[in-house]
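**Q** what follows is a predicted structure for the sequence shown.
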2 protein chains.
Amino acid sequence: MANPVLVEVWRGNRVESAHRGAVAVCDASGAMFAEIGDISYPVFPRSAVKSIQALPLVESGAADALDFSDRELALACASHRGEEAHVALASSMLSRVGLDAEALECGAHWPFNQDATLALARAGRSPSALHNNCSGKHSAFLCACRHIGLFCQGYSTFEHPYQAIIREVMEDVTGAPHDADNSVIDGCSIPTYGVSLRSLAYGFARMATGVGLAAGRAAAARRLFSACMSEPFYVSGSDSADLPLMQAAPGRIFVKSGAEGVYCAALPELGLGVALKCDDGAGRAAESMISAVLARILRRDEGLSSRLEELARPPVPSRRGEVVGEICPTGAIEW
Amino acid sequence: MANPVLVEVWRGNRVESAHRGAVAVCDASGAMFAEIGDISYPVFPRSAVKSIQALPLVESGAADALDFSDRELALACASHRGEEAHVALASSMLSRVGLDAEALECGAHWPFNQDATLALARAGRSPSALHNNCSGKHSAFLCACRHIGLFCQGYSTFEHPYQAIIREVMEDVTGAPHDADNSVIDGCSIPTYGVSLRSLAYGFARMATGVGLAAGRAAAARRLFSACMSEPFYVSGSDSADLPLMQAAPGRIFVKSGAEGVYCAALPELGLGVALKCDDGAGRAAESMISAVLARILRRDEGLSSRLEELARPPVPSRRGEVVGEICPTGAIEW
């Protein structure tokens, strides 16, 4: 059975491309608020669960010991765009434990933000691992390892004790197993685990409410979400789709994208968690899907809902900037 | 009814993303050799039909009058990567009719080839319309307009007489209507028309064989295909998927990608035309699909077929270059 078409790409008066997907929305008891498509198939959440992976940084006391503000905590949860401020902050996090870019095991790539890439090139420079969109998370891993007293080398591997700590946290929050059987390697070389959208939505509802989590874990989750919603630029970047979503309702919407069309989100005021995946992995479609899902959950707040619907329907421009089409969520995003 | 999954993206031992699509393969009589999914839905072929759009350049005598070699003809059919040689050749084509980049109506964008983009930035430069992947086609349009004696301004619009000439040629070759009803605007601002994969495959079989075309048109088609297969770099570029496909069997395979997951191809020795579209518009999937389709058509040539199967299965690397997954065509590409 195919998942339904959730987003269409229109050119003129005709659908040019179509994106299928599945969506789970539930509360912290696991009661489903909305469910579209197959929400049981294991998806790799990739970067969408960085906030859960950042819990040990706070719970261990490392964040306090290193005097991390909201910005550092946001960057620990980020897929940043490699802009100057992101790179400088990741570097500063590492320097507080006596490390530098050499310690990062995420690999280097040119910044996701094109202006940042062009600026680097114009300066005759090349990217380092600090420009990797995951450098904040990797720096946070290293900071926590140093604080706990774990060896740093190999911190990104399945076998390293810090990844075992993350597995324990991920299992506790999502209720789903995380082990060698469902483990594969993420783009930044750490393990990522196949988990259902149902379990991911449940985990994000628990992160948002603290329901069912130990007191220290609940407090750490609250602190991380609050940091991300206060400093959304440091979780994302100038041209990220996550930024305008969090800016649309400061402190009320947490969203985090993951590679291959994944989104996780939480609405603390409603106690809801959201997880979705575009079947084909397209970011443009996942961005439209999450915006439409949030708009429809929040439909009673008409101003906010219409802003979110607008974000769900970006224009398709020609190279000269004329609008020649539109990306549109379909009526299948409904309940 | 959903089209079948034709390509899967594996991470470790599990499918992370999946791409659906449809494929038509037929001969110049319109007899189907293979058919997968819905081949009647109108798709916008985008850049995949540039070789058909280049017929009037040759038929009008403009190509001869301007002393165009295989390289200029290839560039007229190209989605190039904005590399120095592409830009220089487009500029030279324009200069032969007394024009320059100012006359191009395709808009500017940074080169598709990242090294070319970085080199431009390092030189403190910005891209012009010559770097647009369609600048060869647009330059060819302008050359033909000058040769025929048509005014140049507005050459990209539906109303301009040169676009009417292209409509007539497209209708003759594909047998499908091209008019205001199925016209939308392409990324480079010219009209593109909704046509079925069945009609596109038929058109490419006719281009490859000349069957059913007037003698002058058949000769022009042969000359353009021959030019593209002789100079595949000028139809594509260093990091284009089209290049290794044409290099795999010089003079035997013509392929051309189009935006939003379209491919058209022709196998002159077998008299077959191919057209496919990935439903969601993903280039990575369309590249795997066309490689697998060609491998399976050419299965009796074991060496070539296994090279094409290899191109159909690119690895998925981490940012450090480890292989962590694979893009794989499915068994649904079969007949």
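**A** Structure's in. What do you need?

**Q** CA atoms of the strand ranked longest in chain A as PDB?
**A** As assigned by DSSP state E, the longest strand anywhere in chain A is strand A:14-27. Output of strand A:14-27 as PDB, limited to C-alpha atoms (Å, rounded to 0.1, in the frame of the first residue of the first chain):
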ATOM      1  CA  ARG A  14      -1.000  21.000 -13.900                       C
ATOM      2  CA  VAL A  15       0.700  18.800 -11.300                       C
ATOM      3  CA  GLU A  16       4.400  18.300 -12.400                       C
ATOM      4  CA  SER A  17       5.600  16.200  -9.400                       C
ATOM      5  CA  ALA A  18       4.000  14.600  -6.300                       C
ATOM      6  CA  HIS A  19       5.300  13.600  -2.900                       C
ATOM      7  CA  ARG A  20       3.900  10.900  -0.700                       C
ATOM      8  CA  GLY A  21       4.300  10.600   3.000                       C
ATOM      9  CA  ALA A  22       3.100   9.600   6.400                       C
ATOM     10  CA  VAL A  23       2.400  11.700   9.500                       C
ATOM     11  CA  ALA A  24       1.900  10.800  13.200                       C
ATOM     12  CA  VAL A  25       0.600  13.300  15.800                       C
ATOM     13  CA  CYS A  26       0.000  12.100  19.400                       C
ATOM     14  CA  ASP A  27       0.000  13.200  23.000                       C
END
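
**Q** who are the packing partners of that strand?
**A** Secondary-structure packing of strand A:14-27 (3 or more C-beta pairs under 8 Å, 6 or more residues apart in numbering or on different chains; DSSP states H and E): strand A:5-11, strand A:32-36, helix A:197-209, strand A:272-278, helix A:283-297. (Each C-beta comes from the backbone N, C-alpha and C, glycine too.)

**Q** B:Val49 is nearest to which of those?
**A** Nearest to B:Val49, of all the helices and strands packed on strand A:14-27, is strand A:5-11, at 15.2 Å by C-beta to C-beta.

**Q** how far does that closest one sit from the chain's center?
**A** 23 Å (C-alpha atoms, centre = their mean, to the nearest Å).

**Q** near chain B, anything from that strand?
**A** Yes: looking at strand A:5-11 against chain B by C-beta under 8 Å from any C-beta of the partner chain, the contacts come from A:9, A:11.

**Q** for chain A, which segments count as strands?
**A** Per DSSP E, chain A carries strands over the ranges A:5-11, A:14-27, A:32-36, A:42-43, A:183-185, A:191-193, A:195-196, A:254-258, A:262-267, A:272-278, A:315-317, A:323-329.

**Q** what strands line up against the second one, and which way round?
**A** Read it as strand A:14-27. Using DSSP bridges, the strands paired with strand A:14-27 are strand A:5-11 (antiparallel), strand A:32-36 (antiparallel), strand A:272-278 (antiparallel).

**Q** how distant is the last one from the center of its chain?
**A** For strand A:272-278, the gap between its own C-alpha mean and the chain's C-alpha mean amounts to 11 Å (C-alpha atoms, centre = their mean).

**Q** average pLDDT for that strand?
**A** Rounded to a whole number, the mean pLDDT of strand A:272-278 is 98.

**Q** check the second one too.
**A** Taken as a whole, strand A:32-36 has a mean pLDDT of 98.

**Q** residues in contact with A:Ala259?
**A** A:Ala259 makes contact with A:46-47, A:186-187, A:281 under the criterion C-beta atoms under 8 Å, 6 or more residues apart in numbering or on different chains.

**Q** can you list those residues in CSV and add pLDDT, neighbour count and distance to A:Ala201?
**A** Shown next, in CSV, are the contacts of A:Ala259 (pLDDT from 0 to 100; neighbours: other C-beta atoms under 10 Å in any protein chain shown; distance: C-beta to C-beta, whole Å):
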residue, pLDDT, neighbour count, distance to A:Ala201
A:Arg46, 98, 24, 16
A:Ser47, 98, 24, 17
A:Asp186, 98, 23, 20
A:Gly187, 97, 25, 23
A:Gly281, 98, 22, 19
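
**Q** buried set for the longest strand of chain A?
**A** A:15-27 (16 or more other C-beta atoms under 10 Å in any protein chain shown).

**Q** ok, these vs chain B, which is closest?
**A** Among those, A:Ser17 lies closest to chain B (C-beta to the nearest C-beta), at 3.5 Å.

**Q** residue contacts, the closest residue to that closest one other than its chain neighbours?
**A** Distances taken as C-beta to C-beta, 6 or more residues apart in numbering or on different chains place B:Gly281 nearest to A:Ser17, at 3.5 Å, with adjacent residues excluded. B:Gly281 sits next to A:9, A:16-17, A:282, B:259-261 when contact means C-beta under 8 Å, 6+ apart.
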